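S.K.: got a predicted structure plus its sequence, pasted below:
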Amino acid sequence: MATTLGALGVVYGDIGTSPLYALKEAAKAAAHGGDVTSSQVLGVVSLILWALILIISLKYAMLIMRADNRGEGGIVALLALLSARNAQPGTWRVHLLVVGLIGAALLYGDGAITPAISVLSAIEGLKVDAPSLAPAVVPITIAILVVLFFIQKHGTGLIGRIFGPVMLVWFLVLALLGIHGIMKAPGVLAALSPTYALNMMLHEDFRISFAILGAAFLAVTGGEAMYADMGHFGRLPIRLAWFAICLPALVLNYFGQAGLLISDPTAIDNPFFQLSPDWAHYPMVALSAIATVIASQAIISGVFSLTQQSIQLGFLPRMYIRHTTSDAIGQIYVPLVNWLLAAATLGAVLAFGTSDALAGAYGIAVSLLMAITTLLAALVAIQWGYSPILVIAVNGFFFIIDLIFFAANSEKLMEGGWFPLLLAAAVAFLMMTWRGGVKLVEKARSKLRQPEEDLIETAVNKCQSRLPGTAVFLASAPNGVPLALTQFVKHNHVLHERVLLVTVLIEEAPRISDDDRASIVEIVPGITRIILHYGFMQYPTIYEGLKLACRQGKLPGIDLTDVTYYIGRETIIPSEDIPGMWVWRESLFAFLQRNAERTAAFFGVPSGQVVEFGTEIEI
């Protein structure tokens, strides 16, 4: 039950605050500038209900959550399951990788829009009782978001502890307000039948139907968090929270808003806040603001987690990542991402100004991401041996629904839908440029790297003497001789008595146990190769990995306080003479590589024990 309560705050913050704007936007689309009719209201609320049932309850809760990577979910976990990062040029997996990276990049677009529309829609509740406060909505929203992004560096432990209880109160209030609205027009319950949604879609003008679909999709945005956060809470608590609390509360509230619109069509400007009694308007604004901050915090933390996973799998350059607490999963802070996300979110608030305008930008990125997730999950199911015919039939059905919603949201491309797509395109391009550059650098390294036989020959016959102590050379590959060691021997003609060649390998699994952390291979007496295995959800710390190996007895006689770490620092030189990417993309990669987090700092190597060797590499 405690885990279920935690899932309420982290997983369902986004979709739980959708009633603030989803039905309002769909009803306005149905009314298309006039007064909304009862039949239109019934069609809209029926459409929202069945979207929640089909997309969230059936597709995500029952189907997609089966495609886990040892308990972990999310787009990066799917890519790892499909081994897409090791795709060879010209194979179908390369195209799969591109699609997957676009899906991951779409989460950044979603992460910029969600805090903006959520907090804006909550603060707009002030205008219900005090229209004169309309000019203050944007400044108040910006102030809240600035504080939210500023506190990220201090950790979110305090906010995290109140996530679950506050969202439980929120969902209970949603349900109570919904019951209050249903009592105004009990006939609204007829919309439980999907025929109302179908009739509206079939009999309305094509463009109006698409506008309604695009607006109704706002009710399911945030549902992808069920899969992305599965590793933190597990399937059962997430499903229990959805079916026992979230779904009933959301359905009651949407039907309550619909009941209010049937009895009072003039409430269309803000049916959510007008559903509550007059005396409760300001308390509801305060509660809504807290709920939207929680929803925003959840998406920001999700973007941090996605960034860490992408770095581990080689899709993004190394960045400074700080763990804000030692006792909570996923409590990390990525300063660069935090402030870029803040700039995009605040820019969206200033550029669009209202939740109505932002609704045009919201949805298109999420609908495309959902379609990509459905496609990748189908490929995983086929890879696991499920009947292709069954997979195509089931996932194909949901994929068609995703594409219909994406097409409907594409109508809003020029109204703001371009904004999250532009952000996603920029991130996807950087991801593909970084991955391409890393491949080129590794290809260049392999030509410069000596084979192990040369190292053995050097150690046995060519070294004039052996220095006392232990040297650790970081190696990018689990074979051959690290370039830093080649440089060291070339200039000094000596080797240490004990040489450790250390490679960090990020596996396709989310976590690797301590027992499987270190693989030890004795090349010759005094020269040992160590491969440290980490999962893509773990933070790869070389010092901690070596300490664990010493504690397990795999590295006897090593004093880690008296070890020197030798690390190669590479300068990338783009060249037109070497086949690869366009030179301007290689120059962009070189810029990213120069500004990436230092190898020693990223891998947790004690700074006072590091010696760097510079190497120029042409790509």
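M.R.: Arrived safely.
S.K.: how many residues are close by Cys194?
M.R.: Rather than Cys, residue 194 is Pro. Pro194 has 14 neighbours, counted by other C-beta atoms under 10 Å. To be clear about C-beta, it is placed using only N, CA and C from the backbone, and glycine gets the same treatment.
S.K.: for it, which non-adjacent residue is spatially closest?
M.R.: For Pro194, ignoring the flanking residues on the chain, the nearest one in space by C-beta to C-beta, 6 or more residues apart in numbering is Trp50 at 5.1 Å.
S.K.: ditto for Leu588
M.R.: The shortest distance from Leu588 to any residue that is not its chain neighbour, by C-beta to C-beta, 6+ apart, is 5.6 Å, and that residue is Thr433.
S.K.: distance between the longest strand along the chain and the chain's centre?
M.R.: When the chain is scanned for its longest strand (criterion: DSSP state E), the result is strand 494-506. The gap between where strand 494-506 is centred and where its chain is centred comes out at 35 Å by C-alpha atoms, centre = their mean, to the nearest Å.
S.K.: repeat that for stretch 19-35.
M.R.: Per C-alpha atoms, centre = their mean, the centroid offset for stretch 19-35 relative to its chain is 30 Å.
S.K.: got any ranges where the stretch 101-250 of the chain has weak pLDDT?
M.R.: Low-confidence segments of the stretch 101-250 of the chain, defined by pLDDT under 70, span residues 155-161.
S.K.: can you give me the helices for it?
M.R.: Counting by DSSP state H, counting those that start in this stretch, the stretch 101-250 of the chain forms helices over residues 126-129, 137-150, 157-184, 195-203, 206-216, 225-228, 230-233, 235-241, 247-263, given from the N-terminal end onward.
S.K.: mind listing what's buried along stretch 274-292?
M.R.: Of the residues in stretch 274-292, those buried under the neighbour-count criterion (16 or more other C-beta atoms under 10 Å) are 274-276, 281-282, 284-285, 287-292.
S.K.: the helix or strand just after the longest strand of the chain pairs with which strands, parallel or anti?
M.R.: Taking DSSP states H and E as the definition, the helix or strand that follows strand 494-506 towards the C-terminus is strand 518-524. With DSSP bridges as the test, strand 518-524 is paired with strand 527-534 (antiparallel).
S.K.: how far off centre is the next helix or strand after the strand it pairs with?
M.R.: Secondary structure here is assigned by DSSP H and E; on that basis, the next helix or strand after strand 527-534 toward the C-terminus is helix 542-551. Relative to the mean C-alpha coordinate of its chain, helix 542-551 is positioned 30 Å out (C-alpha atoms, centre = their mean).
S.K.: beyond helix 542-551, next helix or strand please.
M.R.: Read in the C-terminal direction, the helix or strand following helix 542-551 is strand 563-573, with elements assigned using DSSP H and E.
S.K.: ok, the longest strand of the chain: who's next to it in the sheet?
M.R.: Strand 494-506 has the following sheet partners, assigned by DSSP bridges: strand 465-474 (parallel), strand 527-534 (parallel).
S.K.: now those strands in JSON lines, with mean pLDDT, mean neighbour count and distance to Gln450?
M.R.: JSON lines is the format used below for the strands paired with strand 494-506 (pLDDT from 0 to 100; neighbours: other C-beta atoms under 10 Å; distance: least, C-beta to C-beta, whole Å):
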{"stretch": "strand 465-474", "mean pLDDT": "85", "mean neighbour count": "17", "distance to Gln450": "12"}
{"stretch": "strand 527-534", "mean pLDDT": "91", "mean neighbour count": "20", "distance to Gln450": "13"}
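S.K.: roughly how far does Val98 sit from Lys24?
M.R.: Computed with C-beta to C-beta, to the nearest Å, the distance linking Val98 and Lys24 is 37 Å.
S.K.: closest one to Leu376 among the strands paired with strand 494-506?
M.R.: Between Leu376 and these, the shortest gap by C-beta to C-beta is with strand 527-534, which sits at 23.2 Å.
S.K.: for the closest one, output the C-alpha coordinates as CSV.
M.R.: Coordinates of the C-alpha atoms in strand 527-534 are reproduced here as CSV (Å, rounded to 0.1, in the frame of the first residue of the first chain):
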residue,chain,number,x,y,z
ILE,A,527,49.4,-7.1,-15.7
THR,A,528,45.7,-7.7,-15.1
ARG,A,529,42.7,-6.8,-17.1
ILE,A,530,39.6,-5.8,-15.1
ILE,A,531,36.2,-5.4,-16.7
LEU,A,532,33.6,-3.6,-14.5
HIS,A,533,30.0,-4.4,-15.5
TYR,A,534,27.2,-1.9,-14.8
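S.K.: off-centre distance for that strand?
M.R.: 30 Å.
S.K.: between that strand and helix 542-551, how many degrees?
M.R.: Orientation check (axes from the mean of the first three to the mean of the last three C-alpha atoms, to 10 degrees): strand 527-534 against helix 542-551 gives 110 degrees.
S.K.: for strand 527-534, which outside residues touch it?
M.R.: Contacts to strand 527-534, defined as C-beta atoms under 8 Å, 6 or more residues apart in numbering, come from residues 312, 455-456, 459, 475, 478, 495, 498-507, 512, 516-523, 540, 542, 545-546, 549, 555.
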